[in-house]
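Undergrad: I would like the atomic coordinates for the input below:
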Amino acid sequence: MKLAILGATGRTGLEAVKQALAENHTVTAIVRNPAKITLAHDNLKVVEADIFDEEALKSQFSGHDAIVSCLGFPPQKPTVTGYLEVTKKVVSAMKSSSVSRLVVCHSWYTEEESRGK
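TA: Numbering: from 1, shown residues only. Okay, here's the model as predicted:
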């Protein structure tokens, strides 16, 4: 498969990239800062794009079989809206690019004292 991975510089995203490459998938890592990806592989392409820019996502999604989103956002009080905003852009860009598979593995910030409750 040809996969586009968002959040590829984070812990989960980098692991997704490594596992996809180990299974011989072709991976496009869509990142803010390409210098953060030090991994090199024949099936890996690293591109810079703004995840909040639907047009930028469309151009990167074209030709892919699936999108894998491993995004994480820092906590913002009172709410974190990045996940909703980006997911709307991703789904819209996918429709325009004729990509029908989306895997979402977002992280969510919780206060330490609330974990495990």
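Undergrad: the strands in the protein, which residues?
TA: For the chain, the strands defined by DSSP state E occupy 2-6, 26-31, 44-48, 66-69, 102-104.
Undergrad: mind naming the longest helix for this structure?
TA: helix 82-97 (DSSP state H).
Undergrad: packing partners of that helix?
TA: helix 54-61, strand 66-69, strand 102-104 (3 or more CB pairs under 8 Å, 6 or more residues apart in numbering; DSSP states H and E). Any C-beta I mention is one placed from the backbone N, CA and C, and that applies to glycine too.
Undergrad: what's next to the lowest-mean-pLDDT helix or strand in the chain, contact-wise?
TA: Within the chain, no helix or strand scores below helix 82-97, which has a mean of 93 by mean pLDDT, DSSP states H and E. The contact list for helix 82-97 (CB atoms under 8 Å, 6 or more residues apart in numbering) reads 6, 51-55, 57-58, 61-64, 67, 69, 71, 73, 76, 100, 102, 104, 106, 108.
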